[in-house]
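Q: Below are the sequence and a predicted model; questions follow.
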Amino acid sequence: MLKLDKRSADALVWLALLTAPYWLPLIGGYTELGSRILILALAATALNFLLGFTGVLSFGHAAYFGLGAYGAAMTIKYLYPSTPLAILVGVVTGTVAAAVIGPMIARLRGVYFAMCTIAFGQVFYFIAFQWNTVTGGDDGLTAWHRMPIDLGFTSIDILNDNKAFYYLVFTMFAVAAGVMAWLLRSPFGRTLLAIRENERRARFLGIPVDRHIWMSWVISCCFASLAGSLYALLNDFVDPRALRWDQSGTFVIMTVLGGMRSFWGPLIGAAIFIELQDFLSSHTENWESFIGLFFVLVVLFFPRGVLGLIKRKSTS
Amino acid sequence: MSLLKVENVSRQFGSLIAVNGVSMTVEAGELRAVIGPNGAGKTTFFNLISGFLTPSSGKIIFDGQDITHLLPARRVWRGIARTFQITEVFPELSVRENLRIAVEVASGYRLRAWLSSTANGEVKARVVDLLEMGGLAPKADRLVGELSHGDQRATEIMMSVALNPRLLLLDEPTAGMGDQETYDVTQLIRKLHKDQKLAIVLIEHDMRVVFHLADKIMVLAEGAPLAEGTPKEIAANEAVQNAYLGKAA
C-alpha cells in the first residue's frame, strides 16, 4: 500500500481541493457538488474540533450552522446586498449565540451535554419555523441570491460562475482549517487534547476545564456558522431544516464516517456522505436507509472511520 | 509558618461520616505519610485537601491563606499538586506530550495560540529535565497507555512535579506494583523530597515504603485520627497495632 508521511498527505489533500473543479467532471461530478462537499466538510471539521479533539459530543451544531445561514440570507434580503457582509453577519450571529449559550452547557458532560445542545438547537428551529413574516417559515427564505464580490478594481462573479464560487468556498475552508489545525498544535490546543484524554488529570494540572470547553465550543460553532453562511449562499435559499437536529446528526455521521481522531476525517466523511447521497437519491427515495446501513457497517467494523483504517494499515 | 494546616475537617456522605474532625500540620520540606486500614477515610481526606471535595466543616489553610472552598485548578495554581490511586494520565499521548502539557500549563501558557522560539525552547528543556529526573528519557516518545504500570505512575508523578508544587500529594504511589517497581517509585519519591525540597504527603499501604520514607506518620481509623508521630513511635503504638491486627484484640 502507498505510504505517505503526514506532510505529503496534507499537500495531496490541498492539491486535490485546489484542482477539484477541473477533475470532478472527469469522474462524473460537477463543481457545485464540490462546493457542497467542502461546505459540509467545513461544518464537520468544526464539529470535530470539539468532538475529536476536545472529546465533547455536540448534537446541536446545526443550530449555529443554521444561524449562520439565516444571518447571511437575511442580510442580503433585508439589509444590504453584499456577499462579504452576509458572511460576516452569519458568522457573528452564530458565534454570539454559541458564546451566550455556552456557559449554560459547558458544565455538562456526555449525554447531558448532547441532549442540551439538541434542545437549544430545536429552539432555533421552531423560531425559524414559526416566524413566517421574517424567516419565511416552513417555505424558507426565498427571492434573494448571492451577489458578485466587488473588489473595487474588479468584481468576482460568484453568482454565475460556479468555479468562482467554489474558490470562494475553498478560500474560506482553507483559512478555517488552517486556523483550527494551528490552534490544535498550540499550547491551548494541547489543553483540549488533555481534556479529551483525561478530564480529571487536566483539572488537577490546573486547567479550568469548563472554561476551556466553552472556548472550544465557541471556536467550533464559529466555523460551523461560517459553513452555514456559505451553505445559504450556495443554495440561494435557506429553510428551517438547516437548523434541525437531523442536520446536526448528519455532521456527526460525516465525522464518524471519516474518522474523528484525524483532522481530515470529516472532509473524507463529508465527501463519502454527499457522493452517496447524490448517487443514491437519483436511484431511490430511500437513500437515507442505505446511508444508515453503510454508517452502521463502518461503525461496527472500522470504529475509527475510514481514515482510522488507512492509518492502522499504514503503521502495521 | 506551616505550609499546610488542616483544622478539624469533616466530610459527610449522607449518614456516613468519612472524615471526622481530622487536623494535620505539614511543614515545608516535610515528608508525611497517612496510613490506616481500608475505609479509614484517607483518600477522602486527600480529596478535601486537593479540592476534589469540599469539607462539610473545618478549615484548610495553605501558606497562610484559607483555601477550604477553592476550586481544584486554583489550588494547583497556589502550589498543591496530586496523583491518584488509579493512575491518571493522558494515555493516547506520548510521555513527552504528557509532560509538555503540564509544563505549559505551569508556565502560564494554557491560553496561548503560539509560543516564541525562546519560550518553546525553555518548555522543551524543562520537559527533558523532567524526563531524566523521572527516569523516563528512554521511553519519552512512547504512548503512555502502552507503558508499564510503574512507568505510568512515574509519568503521573513527574507531571505533578512539572507544576512546580510546594506540596505534592501522592495517593498510594506504589499500589499494585511488583517489588522492583515499588523500589523504583520509592527511590523517585525520595529523590524529589531530597533534591527538590518538596513537601510530600502520601497515602500508602506498603509499610516498608512508609517506614523507609516518612519523617512523620499520621494514622487514620474510621475517619478519625488515631495516632501521629515518628515512624518509631507509630510502630510502638498499641492502638495502631490493634487497628491493623484486628479489632477482636
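A: Everything's here; your move. This structure is a prediction, so every number in the text was calculated from the model and none was measured.
Q: which residue ranges form the helices in chain B?
A: Secondary structure of chain B (DSSP state H): helices at B:42-50, B:72-78, B:95-106, B:117-133, B:149-162, B:179-195, B:207-213, B:231-236, B:238-245.
Q: How about residues contacting the least confident helix or strand in chain B by mean pLDDT?
A: Each helix and strand of chain B was given a mean pLDDT (mean pLDDT, DSSP states H and E); the minimum falls on helix B:238-245 at a mean of 80. The set of residues external to helix B:238-245 that reach it, using Cβ atoms under 8 Å, 6 or more residues apart in numbering or on different chains, is B:Gly36, B:Pro37, B:Val219, B:Ala221, B:Leu226, B:Ala227, B:Ile234, B:Ala249. The C-beta positions use only the backbone N, C-alpha and C, and glycine is treated the same way.
Q: gap between A:Lys311 and A:Leu57?
A: 22 Å (Cβ to Cβ, to the nearest Å).
Q: sec struct for the residue nearest in space to the middle of chain A, please.
A: Residue closest to the mean C-alpha point of chain A, counted by Cα atoms, centre = their mean, is A:Ala43 at 0.4 Å. Three-state call for A:Ala43 (DSSP: H, G, I helix; E, B strand; the rest coil): helix.
Q: A:Pro187 reaches B:Ala106, doesn't it?
A: No. The pair A:Pro187 / B:Ala106 is not scored as a contact, 11.1 Å apart, by Cβ atoms under 8 Å.
Q: Let me have the contacts of helix B:238-245 in JSON lines, adding pLDDT as columns.
A: Formatted as JSON lines, those follow (pLDDT from 0 to 100):
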{"residue": "B:Gly36", "pLDDT": "90"}
{"residue": "B:Pro37", "pLDDT": "87"}
{"residue": "B:Val219", "pLDDT": "93"}
{"residue": "B:Ala221", "pLDDT": "90"}
{"residue": "B:Leu226", "pLDDT": "92"}
{"residue": "B:Ala227", "pLDDT": "91"}
{"residue": "B:Ile234", "pLDDT": "91"}
{"residue": "B:Ala249", "pLDDT": "39"}
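Q: Pull out the buried residues from those residues.
A: Neighbour-count burial (16 or more other Cβ atoms under 10 Å in any protein chain shown) applied to these gives B:Gly36, B:Pro37, B:Val219, B:Ala221, B:Leu226, B:Ala227, B:Ile234.
Q: OK, contacts around A:Gly29?
A: Counted by Cβ under 8 Å, 6+ apart, A:Gly29 has contacts A:Glu275.
Q: Tell me if it really is in a strand.
A: No. Under three-state DSSP, A:Gly29 sits outside any strand and is assigned coil.
Q: Quickly note the distance from it to A:Lys6.
A: Here A:Gly29 is placed at a distance of 27 Å from A:Lys6 (Cβ to Cβ).
Q: In chain A, what helix or strand scores lowest on average pLDDT?
A: That would be, for chain A by mean pLDDT, DSSP H and E, helix A:305-315 at a mean of 75.
Q: Let me see the contact set for A:Val89.
A: Going by Cβ under 8 Å, 6+ apart, A:Val89 touches A:Gly71, A:Ala72, A:Met74, A:Thr75, A:Leu79, A:Ser229.
Q: mind listing which of these are in helices?
A: Counting by DSSP H, those contribute A:Gly71, A:Ala72, A:Met74, A:Ser229 to helices.
Q: which of the helices of chain B is buried the deepest?
A: Mean neighbours per residue, mean count of other Cβ atoms under 10 Å in any protein chain shown, is largest over the helices of chain B for helix B:95-106, with a mean of 25.
Q: what's the angle between that helix and helix B:117-133?
A: Inter-element angle recorded for helix B:95-106 and helix B:117-133: 120 degrees (by axes from the mean of the first three to the mean of the last three Cα atoms, to 10 degrees).
Q: Mind giving me the packing neighbours of helix B:95-106?
A: Judged by 3 or more Cβ pairs under 8 Å, 6 or more residues apart in numbering or on different chains; DSSP states H and E, helix B:95-106 is in contact with helix A:187-197, helix B:117-133, helix B:149-162.
Q: One more pass at 10 Å, please.
A: helix A:187-197, helix A:199-203, helix B:72-78, helix B:117-133, helix B:149-162 (3 or more Cβ pairs under 10 Å, 6 or more residues apart in numbering or on different chains; DSSP states H and E).
Q: Mind putting those into CSV with mean pLDDT?
A: Output for the helices and strands packed on helix B:95-106, formatted as CSV (pLDDT from 0 to 100):
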stretch, mean pLDDT
helix A:187-197, 97
helix A:199-203, 96
helix B:72-78, 94
helix B:117-133, 97
helix B:149-162, 95
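Q: Name the residues that touch stretch B:107-115?
A: Identification of contacts with stretch B:107-115 by Cβ atoms under 10 Å, 6 or more residues apart in numbering or on different chains yields A:179, A:182-183, A:185-191, A:194, A:202, A:205-208, A:211-212, A:215, B:73, B:77, B:101, B:103-105, B:119-124, B:126, B:162, B:164.
Q: Over to the closest residue to A:Glu197 other than its chain neighbours: give its phi and psi.
A: With sequence-adjacent residues excluded and distances taken as Cβ to Cβ, 6 or more residues apart in numbering or on different chains, A:Glu197 is closest to B:Phe90, at 3.6 Å. Dihedral angles of B:Phe90 (phi, psi; degrees, to the nearest 10) stand at phi -100, psi 90.
Q: wait, B:Phe90 sits on A:Leu192?
A: No. Counting by Cβ atoms under 10 Å, A:Leu192 is not a contact partner of B:Phe90; they are 11.4 Å apart.
Q: Overlap in contacts, the two.
A: Counting by Cβ under 10 Å, 6+ apart, the common neighbours of B:Phe90 and A:Leu192 are A:Ala202.
Q: Residues of the stretch 101-250 of chain A that sit close to chain B?
A: Listed as neighbours of chain B in the stretch 101-250 of chain A under the rule Cβ under 10 Å from any Cβ of the partner chain: A:179, A:182-183, A:185-191, A:193-212, A:215.
Q: what's the average pLDDT for stretch A:11-23?
A: For stretch A:11-23, mean pLDDT is 95.
Q: Next, the buried residues of that stretch.
A: Neighbour counts over stretch A:11-23 (16+ other Cβ under 10 Å) mark A:Leu17, A:Ala20, A:Pro21 as buried.
Q: Any figure for the gap between the first one and chain B?
A: Plainly put, A:Leu17 is 24 Å away from chain B if you go by Cβ to the nearest Cβ, to the nearest Å.
Q: what sits against that residue?
A: Here A:Leu17 is in contact with A:Gly34, A:Ile37, A:Leu38, A:Ala41, A:Tyr166, A:Val169, A:Phe170, A:Phe173, A:Ala174, A:Ala177, A:Leu267 (Cβ under 10 Å, 6+ apart).
Q: Next, count neighbours for the first one.
A: When neighbours are counted by other Cβ atoms under 10 Å in any protein chain shown, A:Gly34 registers 24.
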